[in-house]
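In: What follows is a predicted protein model with its sequence.
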Amino acid sequence: MILTETRCSEGKPDIFCLKTRFKYQYWGAGPQHAGTAILSKAQPLKATIGLPTWKNSTTKTEGRYIELEFEDMYVVGTYVPNSGDNFQAMDVRREWNAAFKSHLQALDSNKPVIWAGDFNCILTKKDVDSTAQAYWNKIGGMSQEERSDFDELLNANADEHPTFIDAWRHLHPLEEEYTHASKKFGAWRLDSFIMSSRILDKAVSCEIRNALKDLKLSDHWPVAVDIAVLI
């Protein structure tokens, strides 16, 4: 299970249902909303908290990235920096994009990657509703720069086929569903699972649990993927 916007202090929160279901827990440091966590029933070979290629000492991103290495794959959880409604944090966002792309390529060269979380970016107009489309190229998350960076990451080192593929869009090529909504900016599909293309055939299903939006537990809704591999 990959969580974003955890708002937890350092250390594991004392939540009984999580302790009993997930023996191995890794939480990004800091109480800020940018925190992430990965909860696993299987023990990883190694856990990394913080993006290793991030070199900007003035901008803290430790809680935004968690990586678990298993025998046959990496599992990565992120809460990607938001560029802001007025692009005020675009420089930090694009610096993150470059650092993350470099690291994800390095991981993929070693073994396949499954990456999930809040990407704070959409690729096409199919990933936003009509309300959000009115802000196309006008606010963070749907600028040309962000979309180009995202597209370049997916197609890094690709000759004929993408290196990484959005599992939900691959399995639902024509559908329009969303994982986040706001009254002002409409609905967006910001959250998903990105997989190394060479293991995409292992993705049995990928579904957005948008029925949970009626519970109003969050302004984001879970995405669940069923992958036919053993960790």
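Out: Looks like it came in fine.

In: Work out the gap between the lengthiest helix in the chain and the centre of the chain.
Out: Across the chain, the longest stretch assigned as helix under DSSP state H is helix 90-110. In terms of C-alpha atoms, centre = their mean, to the nearest Å, the centre of helix 90-110 is set 13 Å apart from its chain centre.

In: With just CA atoms, put it into PDB.
Out: C-alpha atoms of helix 90-110 as PDB (Å, rounded to 0.1, in the frame of the first residue of the first chain):
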ATOM      1  CA  MET A  90       7.800  25.500 -11.300                       C
ATOM      2  CA  ASP A  91      11.600  25.700 -11.000                       C
ATOM      3  CA  VAL A  92      11.600  23.200  -8.100                       C
ATOM      4  CA  ARG A  93       9.100  21.000  -9.900                       C
ATOM      5  CA  ARG A  94      11.200  20.800 -13.000                       C
ATOM      6  CA  GLU A  95      14.400  20.200 -11.000                       C
ATOM      7  CA  TRP A  96      12.600  17.300  -9.300                       C
ATOM      8  CA  ASN A  97      11.400  16.000 -12.700                       C
ATOM      9  CA  ALA A  98      15.000  15.800 -14.000                       C
ATOM     10  CA  ALA A  99      16.400  14.200 -10.800                       C
ATOM     11  CA  PHE A 100      13.600  11.700 -10.600                       C
ATOM     12  CA  LYS A 101      13.900  10.800 -14.300                       C
ATOM     13  CA  SER A 102      17.600  10.100 -13.900                       C
ATOM     14  CA  HIS A 103      17.000   7.900 -10.900                       C
ATOM     15  CA  LEU A 104      14.000   6.000 -12.300                       C
ATOM     16  CA  GLN A 105      16.100   5.200 -15.500                       C
ATOM     17  CA  ALA A 106      18.900   3.800 -13.300                       C
ATOM     18  CA  LEU A 107      16.400   1.600 -11.400                       C
ATOM     19  CA  ASP A 108      14.800   0.300 -14.600                       C
ATOM     20  CA  SER A 109      18.200  -0.600 -16.000                       C
ATOM     21  CA  ASN A 110      18.600  -3.000 -13.100                       C
END
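
In: which parts of it are buried?
Out: 90, 92-97, 99-101, 103-104, 107-108 (16 or more other C-beta atoms under 10 Å). From N, CA and C alone the C-beta is placed, and that goes for glycine too.

In: Alright, calling it a day.
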